[in-house]
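Participant: got a predicted structure here, sequence first:
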Amino acid sequence: MTNPPINMSIYAVTAPAYLKKNIPVIPLKEKSKIPVPDGWSGWAEHELPAQVKKDWLSLPSNLNIGLVLGPKSGVSVLDIDIEDESIVKMLIERLPESIWHRKGKKGMVLAYKFNPNIKKAFRLKDKSGKTLVEFLNNKLQVVLPPSVH
């Protein structure tokens, strides 16, 4: 996707296609992963009110877009924060095929169908405490392209 027009945010340009399909996407602060609205995690399980959708589309500045994970979106993600491509490749070869992925400067995000039996997000860390892999599910969010952060 190309950059949004100067007067429209990434969210305003990208969100309508998701919202039309009742996929809960939220505005994130400019060049950030931080959600703009308070209480956003509730939309993991509940419909976004029409007026809220309309209001968010008219917010000023170049807001990013985030997908609320959970039963409403039907999505959970595995965030791989490993820079060593050989380790990432080895890990991916052992994981189920994802429905979508986003590759970043280091690692990647793999999307999977939401599983209500997995109750909590979890992290795998190295010996120094650095997160290597993080599974994100209900009431969390992931940044969507073409966001810049």
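Facilitator: Happy to help now that I have it.

Participant: which stretches of the protein have low pLDDT?
Facilitator: 1-7 (pLDDT under 70).

Participant: do a quick rundown of the helices in it.
Facilitator: With DSSP state H, the ranges of helices along the chain come out as 10-20, 50-57, 85-94.

Participant: the closest residue to Ser98 other than its chain neighbours pairs with what?
Facilitator: Spatial nearest neighbour of Ser98, excluding adjacent residues (CB to CB, 6 or more residues apart in numbering): Leu110 at 3.8 Å. Any C-beta I mention is one placed from the backbone N, CA and C, and that applies to glycine too. Leu110 has these beta-bridge partners by DSSP bridges: Leu78, His101.

Participant: is it true that Leu110 touches Val88?
Facilitator: No: using CB atoms under 8 Å, Leu110 is not in contact with Val88; the gap is 10.3 Å.

Participant: what touches both of those two?
Facilitator: Counting by CB atoms under 8 Å, 6 or more residues apart in numbering, the shared contacts of Leu110 and Val88 are Ile80.

Participant: the more surrounded of the two?
Facilitator: Ranked by neighbour count (other CB atoms under 10 Å), Leu110 and Val88 place Leu110 first, with 23 against 18.

Participant: how much space separates that one from Glu134?
Facilitator: Between Leu110 and Glu134 the distance is 11 Å, computed by CB to CB, to the nearest Å.

Participant: ok so, going back, okay if I get the helices of the chain as JSON lines plus distance to Trp40?
Facilitator: Converted to JSON lines, the helices of the chain look like this (distance: least, CB to CB, whole Å):
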{"stretch": "helix 10-20", "distance to Trp40": "13"}
{"stretch": "helix 50-57", "distance to Trp40": "10"}
{"stretch": "helix 85-94", "distance to Trp40": "30"}
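
Participant: what residues are up against the residue nearest to Ser98?
Facilitator: 77-78, 80, 92, 95, 98, 100-101.

Participant: many thanks, I have nothing further to ask.
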